[in-house]
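J.: can't give you the sequence, but here's the structure:
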């Protein structure tokens, strides 16, 4: 029977991508309980080659549990020239929402994955084009070719920037303040925005929540709105930073009202400058996106996770 595929959370509203091992039932349950917007069952780094045959059907079954809880169901496979094709054939019967490809360095890799997914969608009776592709950039070459990679297939909905492998590729030194990757994260945002896909910020691989919050605040100021996580405890903080809070929404509405009053000649004690007004408008627009999505999910009677709206 062809799996039923409900409407999934729009890419722009996927704040967290929680990675879990492909064969660890306890970690998968914790990932689901974390409230993450997307759960990524990893068949690459977090699953040994010997465990992959057993992990693939487990991952395929996990997708239904994700959808039942309103979570985007995803998996990271291996490179196609390694175990990737076997991974793909093993998980596609579960109808993943998205497939992540590691070590993306060329448009040809994306085109080959698109072709393989298309063949399996047709074979399994899945809607054509329903499976998204999310490349992972993990090297200097991958970052250099980002735009051509991201525009190689209409399936590409988002892209993930790595941390550890990318740092190694650059010969950089890691630190909790993330300075070594700031310039690449900014460049990554530009490339993804130009290509029309969601930039997923690199993981914060330290168990230090105050340092994580500082990192998230920097990312939000830059324009990033989505992050990879490998620790379930990080998800609530990611959502708190990347979701407009009620007091922020109220302040933004007040700002917009006062600025528009200024334009009609009614001045108050504090003049609102255009950059402040434009930032407030963008925050309200994002808030309204969350509100519309929450209303749509309520209408579909599908449980939601982690939304403040």
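T.: Great, that's in hand. This one's a predicted model, so the numbers in the text were calculated from it and none came from an experiment.
J.: Neighbours of the residue nearest to residue 51 when sequence neighbours are not counted, how many?
T.: Closest residue in space to residue 51, ignoring its immediate chain neighbours: residue 23 at 4.7 Å, by CB to CB, 6 or more residues apart in numbering. Heads up, the C-betas are built off the backbone N, CA and C, glycines and all. Residue 23: 22 surrounding residues under other CB atoms under 10 Å.
J.: Residue 23 - that's part of a strand, no?
T.: No. Using DSSP: H, G, I helix; E, B strand; the rest coil, the assignment for residue 23 is coil, not a strand.
J.: Wait, it touches residue 49, no?
T.: No. With contact taken as CB atoms under 8 Å, residue 23 and residue 49 are classed as non-touching, separated by 11.7 Å.
J.: buried sites along the top helix by length along the chain?
T.: Longest helix in the chain by number of residues, with DSSP state H as the criterion: helix 274-300. Under the neighbour-count criterion of 16 or more other CB atoms under 10 Å, helix 274-300 has 277, 280, 283-284, 286-287, 290, 293, 297 buried.
J.: Same question for stretch 228-248.
T.: 228-232, 234-235, 237-239, 241-244.
J.: tell me which of the residues you listed is nearest to residue 65?
T.: Nearest to residue 65 out of those is residue 232 (CB to CB; 15.6 Å).
J.: Adding pLDDT and secondary structure, write the buried residues of stretch 228-248 out as TSV.
T.: Listed next are the buried residues of stretch 228-248 as TSV, based on pLDDT from 0 to 100; DSSP: H, G, I helix; E, B strand; the rest coil:
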residue	pLDDT	secondary structure
228	97	strand
229	97	strand
230	93	coil
231	94	coil
232	94	helix
234	97	helix
235	97	helix
237	98	helix
238	98	helix
239	98	helix
241	98	helix
242	98	helix
243	98	coil
244	97	coil
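J.: Between which two of the residues you listed is the distance greatest?
T.: Checking these with CB to CB, the most distant pair is 230 and 244, at 25.6 Å.
J.: which stretches of this protein aren't confidently modelled?
T.: The chain contains residues with pLDDT under 70 at 1-6, 266-269, 301-309.
J.: Show me it divided up by domain.
T.: Residue ranges for the domains of the chain, per the TED database: 11-242, 246-299.
J.: among the ones you listed, which is the most enclosed?
T.: domain 11-242 (a mean of 19; mean count of other CB atoms under 10 Å).
J.: what's the first-to-last distance across that domain?
T.: Domain 11-242 has an end-to-end distance of 14 Å (CA to CA, to the nearest Å).
J.: Check stretch 214-234 too.
T.: End-to-end distance for stretch 214-234: 13 Å, by CA to CA.
J.: Show me how far it is from its chain's centre.
T.: 11 Å (CA atoms, centre = their mean, to the nearest Å).
J.: picking up where we left off before, how far off centre is the longest helix of the chain?
T.: 18 Å.
J.: and if you look at stretch 208-225?
T.: Remark: stretch 208-225 is offset 15 Å from the chain centroid, using CA atoms, centre = their mean.
J.: what's the answer for stretch 89-99, then?
T.: Taking the mean of its C-alpha atoms, stretch 89-99 sits 17 Å from the chain's own mean (CA atoms, centre = their mean).
J.: Tell me which residues are up against that stretch.
T.: Contact partners of stretch 89-99, identified using CB atoms under 8 Å, 6 or more residues apart in numbering, comprise 2-3, 5, 8, 38, 41, 43, 52-53, 56-57, 59-64, 66-67, 72-77, 88, 113, 117, 120-121, 124, 126, 130-134, 157-158.
J.: Can you check the distance spanned by that stretch, start to finish?
T.: Start and end residues of stretch 89-99 are separated by 12 Å (CA to CA).
J.: now stretch 262-274
T.: 11 Å.
J.: Tell me where the chain has strands.
T.: With strands called from DSSP state E, the chain shows them at 16-21, 38-42, 72-76, 98-101, 132-137, 158-161, 198-200, 227-229.
J.: Out of the ones you listed, flag the one nearest residue 249.
T.: Using CB to CB, the nearest of these to residue 249 is strand 16-21, at 20.3 Å.
J.: Which neighbouring elements make contact with the closest one?
T.: The contact analysis (3 or more CB pairs under 8 Å, 6 or more residues apart in numbering; DSSP states H and E) places strand 16-21 against helix 25-33, strand 38-42, strand 227-229, helix 235-242.
J.: which one among the buried residues of stretch 228-248 gets closest to residue 139?
T.: Of all the buried residues of stretch 228-248, residue 139 sits closest to residue 228, with 16.6 Å by CB to CB.
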